[in-house]
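Participant: what follows is a predicted structure for the sequence shown.
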Amino acid sequence: MSYGFIVNESDSCIYSKSYEHITVIICLYVDDMLIFGTSIEMIKLIKDFLNSKSETMDLGEAGLILGVKVENLNLGFQLSKLIMLKTI
């Protein structure tokens, strides 16, 4: 919040920051964090800021988060729910 993010009213684990045409959203879950937005430069600045405050590990582009598969397609991203089955 010291970097100008506001807490989402519906979910206190979601933070957002908007400036002119740039928006960045941070989703937190326990010790995992997903950062996405309209400016890769702003995302890099935010990651640098967060890393200056505590040790973080950049795992790169998201492929799976909270059971949701994230695919980078030519026209955008596709999100799909993974269903895990266990054979008995």
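Facilitator: Thanks, I have it.
Participant: part of a helix, is Glu61?
Facilitator: No. Under DSSP: H, G, I helix; E, B strand; the rest coil, Glu61 falls outside any helix and is assigned coil.
Participant: residues in contact with it?
Facilitator: By C-beta atoms under 8 Å, 6 or more residues apart in numbering, the contact list for Glu61 reads Val70, Asn72. (Each C-beta comes from the backbone N, C-alpha and C, glycine too.)
Participant: what do you get if the cut-off is 10 Å, keeping everything else the same?
Facilitator: Phe36, Val70, Asn72, Phe77 (C-beta atoms under 10 Å, 6 or more residues apart in numbering).
Participant: so where do the strands sit in this structure?
Facilitator: Remark: strands assigned in the chain by DSSP state E are 6-7, 14-19, 22-29, 32-37, 64-65, 68-73, 76-81.
Participant: what is the second one packed up against?
Facilitator: Contacts of strand 14-19 with other secondary structure elements, assessed using 3 or more C-beta pairs under 10 Å, 6 or more residues apart in numbering; DSSP states H and E, are made with strand 6-7, strand 22-29, strand 32-37, helix 40-53.
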